[in-house]
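>>> please work out how this folds:
(one chain, ligands or ions: 2)
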Amino acid sequence: MIKVAVTGAAGRMGSGIIRKITQQDDMEVVAAIEIPNSPLAGVDAGIQAGAGELGVKIVGAEKLEETLKESEADVLVDFTIAHAAVETVKKATACGVNVVVGTTGFTDEQMAENIKNVKDNDVKAVISSNMSIGVNVFFNTLKKLTPILNDFDIEIIEAHHNQKKDAPSGTAMTAFEVIANELDRDPEEVGVYGRQGMVGKRTKEEIGLHAIRGGDIVGDHTVMFVGDGERIEFTHRAHTREVFIAGVIRAIRYIPDAESGIVSSMNDVLGLE
Ligand SMILES: NC(=O)C1=CN([C@@H]2O[C@H](COP(=O)(O)OP(=O)(O)OC[C@H]3O[C@@H](n4cnc5c(N)ncnc54)[C@H](OP(=O)(O)O)[C@@H]3O)[C@@H](O)[C@H]2O)C=CC1
Ligand SMILES: O=C(O)C1=N[C@H](C(=O)O)C[C@H](O)C1
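Ligands and ions are numbered 1, 2, ... in the order given. Take a look at the predicted model:
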């Protein structure tokens, strides 16, 4: 039985992950953590998630370390917000707990800190901006398309629900890094985040990133390759968060076989590439 702790337990992803884990016979929720001093502390995590009573009470993040120790969690799953996730990964890895992280919006420095904490504490980890199988095939296909279309202008457009806090999405940022890497372009130099005013003509090298926010859009990503006289619009659309949650379940199941001290990718989990 894999013992799972979930941070962001009352969030859109966290509650869906708790519901899904209760339907598996090889894993169980042993801890559910919310923001420090959460008003939800003491509430049953299963009831909160709509999965029926679990006998696991939500605790505030100020009790993270003691909760991880008492619950003997094998894996912590984090879908929260970047600044909180960095601290959570630091504390969980220091307690020897493996991590599955889907939170987005990390700066390069924050991601480097996550990787260092996994390495220094020799734990197992899966970190990915998008856990869906479709998006990971999308990334791999982009890797193949980009060198062929290297002369086209490339723009990335993402659309998400009106509750999303980070922009551009983590998935758009990963797509951007894949493309920049394939084209040997420095992401620091070629990223153009929206355009406004007299920005001048588009340069050949730049890659535009654009974020749309509205209603209940689960998550759409389009990479536009625009040439003279034709264009390719390569799109992934998530219809439901269940696609991300299915990936999380596979990532949890992958952890026992994962290599220690490194961050595994969803390609590793899904056996892609
Ligand atoms: N990799 C992937 O496949 C996917 C990634 N995501 C990413 O996951 C993250 C969460 O998304 P979503 O579930 O929609 O967001 P929500 O805002 O619905 O959920 C986040 C939850 O985390 C809580 N939280 C904040 N800080 C802490 C903390 N220190 N400890 C414990 N809990 C905390 C929040 O509480 P409060 O609301 O009170 O602040 C909230 O309940 C985002 O970064 C999003 O981009 C989302 C979908 C798929
Ligand atoms: O916040 C979301 O909802 C999502 N976030 C991830 C991202 O930023 O890429 C993944 C998915 O698109 C949904």
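
>>> hang on, Leu145 packs against Phe225?
Yes. Counting by CB atoms under 8 Å, Phe225 is a contact partner of Leu145 at 7.2 Å. Any C-beta I mention is one placed from the backbone N, CA and C, and that applies to glycine too.

>>> for the stretch 51-200 of the chain, which segments count as strands?
58-60, 75-78, 98-101, 125-127, 153-160, 191-193 (DSSP state E, counting those that start in this stretch).

>>> can you pull the contacts of the residue lying closest to Gly52 once chain neighbours are set aside?
Of all residues not flanking Gly52 in the chain, Gly46 sits nearest, at 5.4 Å (CB to CB, 6 or more residues apart in numbering). Gly46 makes contacts with 18, 22, 29, 52-56, as judged by CB atoms under 8 Å, 6 or more residues apart in numbering.

>>> how about JSON lines for those residues, with distance to ligand 1 and neighbour count added?
Rendered in JSON lines, the data for the contacts of Gly46 read as follows (distance: CB to the nearest ligand atom, whole Å; neighbours: other CB atoms under 10 Å):
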{"residue": "Ile18", "distance to ligand 1": "12", "neighbour count": "25"}
{"residue": "Thr22", "distance to ligand 1": "18", "neighbour count": "16"}
{"residue": "Val29", "distance to ligand 1": "14", "neighbour count": "26"}
{"residue": "Gly52", "distance to ligand 1": "20", "neighbour count": "10"}
{"residue": "Glu53", "distance to ligand 1": "20", "neighbour count": "9"}
{"residue": "Leu54", "distance to ligand 1": "17", "neighbour count": "19"}
{"residue": "Gly55", "distance to ligand 1": "20", "neighbour count": "8"}
{"residue": "Val56", "distance to ligand 1": "14", "neighbour count": "21"}
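
>>> what's the closest of those residues to Ala175?
If you rank the contacts of Gly46 by distance to Ala175 using CB to CB, Ile18 comes first, at 29.1 Å.
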